[in-house]
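S.K.: Dropping the sequence and predicted coords here.
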Amino acid sequence: MSRSAATGIEALEQRAEAANAVIDIISRHGRQFFYSPVYDRASRFDIDRHCQIWYVDHHTGMKVYPLILGADWPGFTHGRVAKELIHSLARYIATGLKVPYSLFEKDWGYGKDMATVQQAVLKTIAIKTGNMTDEQPAEEATA
């Protein structure tokens, strides 16, 4: 394996780790989206040996391919807003494109915990705010 390929894989794994940290934050606060008390597990992103990105649902345990937003996602147990968030996190993992902050602006029924989630997410992952160009990769945006 070439050095540049290893660097690409490492970057993918680092972004997946950050995206999983976001899911963990969300699953430990408020209504605990992406967490199943029945199975005592949170959803997560996995990267297979072919560098394919998968979302593993907390309730069904099924792997879902999250990079095609309009497609049916068998095994995904949340609604449209959560699907958009997971899709954006998967795009971040795959490309480094920032996740829109607008996905975190709503309350989600989290009450006071939403502010905690918002602050933690801003510290954890590259977020695209309204004053940044739309498709700016995270690595370039911080330079």
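M.R.: Alright, I've got the coordinates. All values derive from a computational prediction rather than experimental measurement.
S.K.: From now on I want contacts and neighbour counts done on CA atoms only, so please keep to that.
M.R.: Will do.
S.K.: Nearest the geometric middle of this structure, what residue?
M.R.: The residue lying closest to the centre of the chain (CA atoms, centre = their mean) is residue 89, at 3.1 Å.
S.K.: Let me see the residues that make contact with the strand or helix carrying that residue.
M.R.: Per DSSP states H and E, residue 89 falls inside helix 80-95. Contact with helix 80-95 is made by 12-13, 15-16, 19, 45, 53, 55, 66-69, 97-100, 103, 137, as judged by CA atoms under 8 Å, 6 or more residues apart in numbering.
S.K.: Now find how far off-centre that helix is within its chain.
M.R.: Put simply, helix 80-95 sits 5 Å off its chain's centre (CA atoms, centre = their mean, to the nearest Å).
S.K.: tell me the strands in the protein, going along the chain?
M.R.: In the chain, the strands defined using DSSP state E lie at 35-36, 41-42, 44-47, 53-56, 63-64, 99-100, 127-128.
S.K.: now the ones you listed as CSV including mean pLDDT?
M.R.: Below are those laid out as CSV (pLDDT from 0 to 100):
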stretch, mean pLDDT
strand 35-36, 97
strand 41-42, 98
strand 44-47, 97
strand 53-56, 98
strand 63-64, 97
strand 99-100, 93
strand 127-128, 82
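S.K.: Please report how far residue 104 lies from residue 12.
M.R.: Distance of residue 104 to residue 12, given as CA to CA, to the nearest Å: 23 Å.
S.K.: What are the neighbouring residues in contact with the closest residue to residue 113 other than its chain neighbours?
M.R.: Nearest residue to residue 113, sequence neighbours excluded (CA to CA, 6 or more residues apart in numbering): residue 30, at 5.4 Å. By CA under 8 Å, 6+ apart, the contact set of residue 30 is 109-111, 113-114.
S.K.: Need the max-distance pair from the residues you listed.
M.R.: Distance extremes for the contacts of residue 30: the farthest pair is 109 and 113 at 9.1 Å, using CA to CA.
S.K.: For this structure, just list every one of the helices.
M.R.: Secondary structure of the chain by DSSP state H: the helices cover 3-27, 80-95, 113-124, 138-141.
S.K.: low pLDDT regions in this protein?
M.R.: Low-confidence segments of the chain (pLDDT under 70): 1-7, 130-143.
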